[in-house]
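Undergrad: here are the coordinates; sequence isn't available:
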Ligand SMILES: C[S@@+](CC[C@H](N)C(=O)[O-])C[C@H]1O[C@@H](n2cnc3c(N)ncnc32)[C@H](O)[C@@H]1O
């Protein structure tokens with residue numbers, strides 16, 4: 001989430017207390033991703049379906065979004081490729097909490113990299129809109145295969161490899177029930193994504209979600225991308241929680257983890273000279289991950305300089 005996204009919802013504090021404002025941050029995320037795609041930062045053949053009015057973001061915002069997209073993709077591909085066989089991604093699953101209008105599943109499907117199961121959860125207002133859009137556009141619908149069923153009213157999509165359900169992720173019994181309904185297998189390696197979501201929850205809910213995930217999935221990676229506000233209650237709790245995990249700020253990730261060749265390519269797309277602002281902004285976002293790995297399949301996973 002970059003500043004424009006926060007502003008769209010009237011700020012994080014406002015968004016925390018208003019579901020409509022939280023959901024508005026999702027519209028803004030999709031618009032920012034489309035701005036990057038249009039400029040050639042990254043490829044996403046589906047995000048334009050989710051944006052009504054194309055907006056151009058400032059170069060610094062585009063670069064921030066690119067970095068966010070790129071780090072998630074790189075770590076997700078590490079997860080999908082982990083293990084010994086070439087088909088290892090097929091025996092894995094992904095769970096996206098507060099997935100919004102993210103289109104990663106459809107991209108992975110195009111690339112032949114989709115896992116055995118990809119499950120997305122969000123508020124019903126969001127999943128209903130997403131279900132309607134998937135239902136409307138054939139290029140998305142056909143990726144689901146012949147057994148797909150879509151309910152716009154319930155905000156549900158069920159297909160062999162992709163499932164979308166509505167859930168308030170703060171409601172742990174519901175969360176548990178919904179992953180059961182989605183037929184997730186808790187014994188399979190699982191990548192759990194919380195991208196710009198936990199900041200809208202209170203620290204107790206975040207704690208409960210992280211504990212639930214760690215108990216539920218024996219072999220799992222919990223990926224988190226978030227704004228760092230070290231001084232508020234959420235920030236303090238998050239920093240405490242992260243003591244047992246790996247966390248890098250986005251400036252370090254951009255400089256030391258994102259592929260050098262790609263970095264050089266995107267830096268030529270739009271030039272800017274607000275380097276101080278860029279550095280400050282990137283230092284206020286982080287990626288953290290925690291790993292459950294009893295079988296040692298994720299030995300090679302993670303940040304490497
Ligand atoms: C800023 S958007 C991010 C969307 C997506 N993860 C991405 O990065 O593009 C935050 C999303 O979290 C969802 N969300 C926030 N609180 C939630 C909750 N308690 N339960 C389910 N979804 C929630 C919002 O509806 C919204 O779609």
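TA: Noted; the coordinates are in hand. Since we're looking at a predicted model, the values are computed, not measured. Numbers count the residues shown, from 1 in each chain.
Undergrad: what pLDDT does the residue nearest in space to the middle of the chain get?
TA: Using Cα atoms, centre = their mean, the residue of the chain that lies closest to the mean C-alpha position is residue 195, 4.0 Å off. Note for residue 195: predicted pLDDT of 96.
Undergrad: got the phi and psi for it?
TA: Per-residue torsions, residue 195: phi -110, psi 110 (degrees, to the nearest 10).
Undergrad: so it touches residue 69, yeah?
TA: No. Taking contacts as Cβ atoms under 8 Å, residue 195 lies outside contact range of residue 69: 9.7 Å. In short, each C-beta sits where N, CA and C put it, glycine included.
Undergrad: if I look at the closest residue to the ligand within the stretch 201-305 of the chain, how far off is residue 39?
TA: Closest approach of the stretch 201-305 of the chain to the ligand (Cβ to the nearest ligand atom) occurs at residue 201, with a separation of 5.9 Å. As judged by Cβ to Cβ, to the nearest Å, residue 201 and residue 39 stand 32 Å apart.
Undergrad: do residue 103 as well
TA: 17 Å.
Undergrad: these two - which one has more neighbours?
TA: Taking other Cβ atoms under 10 Å, residue 103 and residue 39 do not tie; residue 103 has more neighbours (22 against 17).
Undergrad: and the more buried one, what is it in contact with?
TA: 44, 46, 47, 50 (Cβ atoms under 8 Å, 6 or more residues apart in numbering).
Undergrad: where does the prediction get shaky in the stretch 151-300 of the chain?
TA: Applying pLDDT under 70 to the stretch 151-300 of the chain flags residues 229-243.
Undergrad: would you map the helices across it?
TA: 172-181, 203-216, 233-241, 250-256, 260-267, 275-283 (DSSP state H, counting those that start in this stretch).
Undergrad: those helices: which one's closest to residue 141?
TA: helix 172-181 (21.2 Å; Cβ to Cβ).
Undergrad: any bit of that closest one sitting next to the ligand?
TA: No. Counting by Cβ under 6 Å from any ligand atom, the ligand is not contacted by helix 172-181; separation bottoms out at 8.8 Å.
Undergrad: got a list of contacts for that helix?
TA: By Cβ under 8 Å, 6+ apart, the surrounding residues in contact with helix 172-181 are 95, 119, 121, 165, 167, 168, 169, 186, 208, 209, 212, 216.
Undergrad: skipping adjacent residues, who's closest to the last one in space?
TA: Closest residue in space to residue 216, ignoring its immediate chain neighbours: residue 186 at 5.4 Å, by Cβ to Cβ, 6 or more residues apart in numbering.
Undergrad: so how far is the ligand from that neighbour?
TA: Counting by Cβ to the nearest ligand atom, to the nearest Å, the gap from residue 186 to the ligand is 20 Å.
Undergrad: for that residue, what are its contacts?
TA: Counting by Cβ under 8 Å, 6+ apart, the residues that residue 186 touches are 179, 216, 217, 218.
Undergrad: just the buried residues of those.
TA: Neighbour-count burial (16 or more other Cβ atoms under 10 Å) is assigned, among these, to 179, 216, 217.
Undergrad: distance to residue 113 for those residues - can I get that in JSON lines?
TA: What follows is the buried ones among the contacts of residue 186, written out as JSON lines (distance: Cβ to Cβ, whole Å):
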{"residue": "179", "distance to residue 113": "22"}
{"residue": "216", "distance to residue 113": "24"}
{"residue": "217", "distance to residue 113": "20"}
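Undergrad: run the chain-centre distance for stretch 124-138.
TA: Counting by Cα atoms, centre = their mean, to the nearest Å, stretch 124-138 is centred 18 Å from the centre of its parent chain.
Undergrad: buried ones in it?
TA: Buried, per 16+ other Cβ under 10 Å, within stretch 124-138: 124, 126, 127, 128, 129, 130, 131, 133, 134, 135.
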